[in-house]
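> Predicted coordinates and the sequence they were generated for:
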Amino acid sequence: MSRAARGAWDATGVESARVWPVRLVAGSLAIAAAGAYGATLVATDGEPLLVAPLIGALVGLLVFARPLAGLYILFGLAILLEQWDITGLSPLTAQTHFFQNVSGFSNVPLRLSACDILAFMTLASWTVRRLVAANEPVRAGPFVWGIAAYGMAFVLGTAIGIARGGSWDEITSLAEARGPLYLCLLYFLTSNLIRDRKQVFVLMWAFVLLVAVKSVQAIGNYATMTAGPIRLEAVTSHEDVVFFDIAVALVVVMAALRVRGRFLYALLAVQPLVLTAELLTQRRVAFVALAAVLAVVALLAFMDRPRLTAFVVTLGIFGFAVYAVAFWDRSGPLAEPIRVIREVVDPQSVSDRDRLSNVWRDIENENIAYTVRQLPLTGVGLGQEYLFQQEPPPLTSFVYWRYMAHNAVLWLWLKAGPFGALAFWFLVAQVVMRGSWLYRRIEDPSLRVVASFPVLLMVAQVVFSSVDLGLTYNRTMIVLGVALGLATPLAAWHASATGAERAKRLPIGATRVPTNPWGPPAPRGGLPTVNA
């Protein structure tokens, strides 16, 4: 062994001797802590709240070591876990309290949820790493102005609510602003944490697999419902239909782009589950939103292959007409897609459940119009009840029914006046236009599928939020924020590829010839230079 090698070996041995006692002490403490924790669980018969600190500590260490893990966890749990209870059902995913304030289910006076804490930890981890230059430069992304305007609408709405005083409620104000803040935060985090293709497709795979899990859960809930003495009104959370619609639309996008591979095969494999769950949810808006996103897919496909797209759309319309004739007077899950049209054509066919729902929403819309007439420029602000000209039946299962409207699109005007409405539609227009532009310009078909994801999700969200509380749900806002953030790496890669392609081009009349890489240009007769 050489002297240098022997010195390195000795240095390594000394370093190991120093580290070994530290590792021994740390390992012993970890084993002792785990033993004490296990003994506590046994003594308390496995009290669930005692497990939360351990899980929280492990997740916290993981997030601070790698903030991207926090983004993955937020995205996955937003799809997997319910935010609100499903009446008559108690699935495991609805018992985690992930979206509920800690003070709501424990004695800890903390007005934040586990989801809030995880989001703040992810942001803090990214911020610390950015301060020490461990992260790449900050990226704003293609939707930054729309996101900024939308976030400012809720800052303005909060200021209006506080300025109006009276019965302003800070807890309700936080509940109203939470979903939109998630949208802005997750857009920013996704824009700056997602840097390569592998990370993009981790999120896409997670979306497909977790939607499949929710579909299986919906089918299981339906089996439980039909086996019991009472028929329930829903087998999933209302917002799950948005995810189901996008899973169906992505298959059509991939077929239009002729993309093959494991991702397509996985999507095809889960389609029977997703479509069955869609039929069993008994949500009329699910099929309206699905029709809207499929129309967007048809428009995107028409840009590439107009004749084939026109033929397929015509065939689809004919097939739906045959289905409508066959199931017009029938009931049950298979007749759900035609129920919306039948209720418009024949109002007498509306069920008692749907009739009561329609009446309640009609009263709500009248109260929204009344509030807008009374406060046309400011709205009532966050944390303030909107004005009631006619009192509807109380919704005892929803705490904030006097603050949040089912028509969430008009709810923005109630809370921040015309600026809130304009900010929202500016964001929608930016996503649809810029997202469609990326879909057309990107050459890689698999990345074009990803480019369609935020466009389709935004369209489905707008349709869903027109009749439900979609813009206030934490789940849909987290998923939408991540989807919009995925456009940032796509735009960056496209700009990089375009810049590289432009760099290869020369001005008109110029010719590219070899140059001397070893020194100054050679004299005439030697190596030629670029003739510019």
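Thanks, I have it.

> distance between the ends of stretch 102-112?
With Cα to Cα, to the nearest Å as the measure, stretch 102-112 spans 6 Å from end to end.

> got a list of contacts for that stretch?
Stretch 102-112 has contacts (Cβ atoms under 8 Å, 6 or more residues apart in numbering) with L49, H97, N101, S113, A114, F120, I171, L174. The way it works is simple: take the backbone N, C-alpha and C, and place the C-beta from them, glycine included.

> What of stretch 410-426?
Everything outside stretch 410-426 that qualifies as a contact, by Cβ under 8 Å, 6+ apart, is 145-146, 149-150, 152-154, 156-157, 160-161, 176, 365, 368, 371-372, 375-382, 386, 404-405, 409, 471-472.

> List only buried entries from those residues.
Among those, those classed as buried by 16 or more other Cβ atoms under 10 Å are 146, 149-150, 153-154, 156-157, 160-161, 176, 368, 371-372, 375, 378-382, 386, 404-405, 409, 471-472.

> Show me the contacts of stretch 410-426 that map onto helices.
Residues of these located in helices (DSSP state H): 145-146, 149-150, 152-154, 156-157, 160-161, 176, 365, 368, 371-372, 409.

> contacting residues around the residue minimising distance to the centre of the chain?
By Cα atoms, centre = their mean, the chain has its centre lying nearest to V479, at 0.8 Å. If a contact means Cβ under 8 Å, 6+ apart, then V479 has F75, A78, I79, F207, F243, L457 as its contacts.

> Recalculate using a threshold of 7 Å.
F75, A78, I79 (Cβ atoms under 7 Å, 6 or more residues apart in numbering).

> Please report how far it lies from L189.
From V479 across to L189, the span is 13 Å (Cβ to Cβ, to the nearest Å).

> now swap in A159 and tell me
26 Å.

> More neighbours: which of these two?
Higher neighbour count among A159 and L189: L189, with 24 against 14, using other Cβ atoms under 10 Å.

> quick one: low-confidence ranges for the protein?
1-54, 226-233, 347, 500-532 (pLDDT under 70).

> Please name the bridge partners of S113.
Residues in a beta bridge with S113, per DSSP bridges, are N101.

> Quick check: it touching N101?
Yes: contact criterion Cβ atoms under 7 Å: S113 and N101 qualify, at 5.4 Å.

> so which of the contacts of V479 is the most crowded?
A78 (27 neighbours).

> wait, what's in contact with the residue lying closest to that one once chain neighbours are set aside?
In space, and not counting its chain neighbours, A78 is closest to I478: 3.9 Å by Cβ to Cβ, 6 or more residues apart in numbering. The neighbourhood of I478, defined by Cβ under 7 Å, 6+ apart, consists of L74, F75, A78, Y182, L186.

> State the three-state secondary structure for I478.
Recorded secondary structure, I478: helix (DSSP: H, G, I helix; E, B strand; the rest coil).

> Could you measure from it over to Y72?
12 Å.

> repeat for T96
17 Å.

> the more surrounded of these two?
Y72 (19 against 15).

> residues in contact with that one?
So Y72 contacts V202, A206 (Cβ under 7 Å, 6+ apart).

> go on, the one 4 residues further on?
By Cβ under 7 Å, 6+ apart, G76 lies in contact with A206, L210.

> And W493, by the same measure?
For W493, counting by Cβ under 7 Å, 6+ apart, there are no contacting residues.

> in the one helix or strand it maps to, what counts as buried?
Using DSSP states H and E, the element containing W493 is helix 487-504. For helix 487-504, the neighbour count (16+ other Cβ under 10 Å) marks A487, T488, P489, L490, A491, A492, W493, H494 as buried.

> Go ahead and confirm the third one touches L193.
Pointing back at P489 there. No: applying Cβ under 7 Å as the test, P489 and L193 come out as separate, 9.6 Å apart.

> What's the local residue count around A301?
Residues near A301, counting by other Cβ under 10 Å: 21.

> would you say it is within a helix?
Yes: counting by three-state DSSP, one finds A301 located in a helix.

> I'd assumed A256 was in contact with it.
Yes: with contact defined as Cβ under 7 Å, A301 and A256 form a contacting pair (4.0 Å).

> Excluding its own residues, what touches stretch 441-459? List them.
So stretch 441-459 is contacted by 200, 204, 246, 249-250, 253-254, 257, 259, 292-293, 296, 300, 428, 431-432, 435-436, 438-439, 480, 483-484, 486-487, 490, 494 (Cβ under 7 Å, 6+ apart).

> again, only this time at 6 Å
For stretch 441-459, contacts defined as Cβ atoms under 6 Å, 6 or more residues apart in numbering pick out 200, 246, 249, 253-254, 257, 259, 292-293, 296, 431-432, 435, 438-439, 480, 483-484, 486-487, 490, 494.

> same question, stretch 116-125
G60, V63, F64, P67, G70, L185.

> burial count for V344?
V344 - counted by other Cβ under 10 Å - has 10 other residues nearby.

> And the helices in the stretch 101-250 of the chain?
114-131, 144-164, 170-193, 197-227, 240-257 (DSSP state H, counting those that start in this stretch).

> Save the ones you listed as a markdown table, and put in distance to Q348 too.
Formatted as a markdown table, the helices of the stretch 101-250 of the chain follow (distance: least, Cβ to Cβ, whole Å):
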| stretch | distance to Q348 |
| --- | --- |
| helix 114-131 | 44 |
| helix 144-164 | 41 |
| helix 170-193 | 37 |
| helix 197-227 | 27 |
| helix 240-257 | 26 |
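
> so which of those helices comes closest to D329?
Each of those has some distance to D329 by Cβ to Cβ; the shortest is helix 197-227, at 22.4 Å.

> Pull the distance from the closest one to the chain's centre.
Helix 197-227 sits 14 Å away from the centroid of its parent chain (Cα atoms, centre = their mean, to the nearest Å).

> And for stretch 257-271?
21 Å.

> quick one: the nearest residue to D240 once chain neighbours are set aside from D362, how far?
Closest residue to D240 apart from its sequence neighbours, by Cβ to Cβ, 6+ apart: K214 at 5.6 Å. To D362, K214 is 31 Å away according to Cβ to Cβ.

> One more: E176?
For E176, the distance to D362 - Cβ to Cβ - is 23 Å.

> cool, and K415?
From K415 to D362 the distance is 21 Å (Cβ to Cβ).

> more crowded one of those two?
Taking other Cβ under 10 Å, K415 and D362 do not tie; K415 has more neighbours (30 against 12).

> so which helix or strand takes in that one?
Assigned by DSSP H and E, K415 falls in helix 408-441.

> What residues sit buried inside that helix?
Buried, per 16+ other Cβ under 10 Å, within helix 408-441: 408-417, 419-421, 423-424, 427-428, 430-432, 434-436, 438-439.

> how big is the angle separating the host helix or strand of M458 from helix 240-257?
Assigning secondary structure by DSSP H and E places M458 in helix 445-465. Angle between the axes of helix 445-465 and helix 240-257 is 150 degrees (criterion: axes from the mean of the first three to the mean of the last three Cα atoms, to 10 degrees).

> before we move on, the earlier item: could you measure from the residue nearest to A78 over to Y386?
Distance from I478 to Y386, by Cβ to Cβ: 26 Å.

> Could you do A277 as well?
34 Å.

> Pull the most distant pair out of the contacts of I478.
F75 and Y182 (11.1 Å).

> circling back: and the residue nearest to D240, how many neighbours?
The burial count for K214: 24, using other Cβ under 10 Å.

> for L250, what are its contacts?
L267.

> circling back to that earlier point, if we take the buried residues of helix 487-504, which one ends up nearest to R355?
The closest of these, once distances to R355 are taken by Cβ to Cβ, is A487, at 41.4 Å.

> so R139 makes contact with T190?
No: at 10.0 Å, R139 does not count as touching T190 under the criterion of Cβ atoms under 6 Å.
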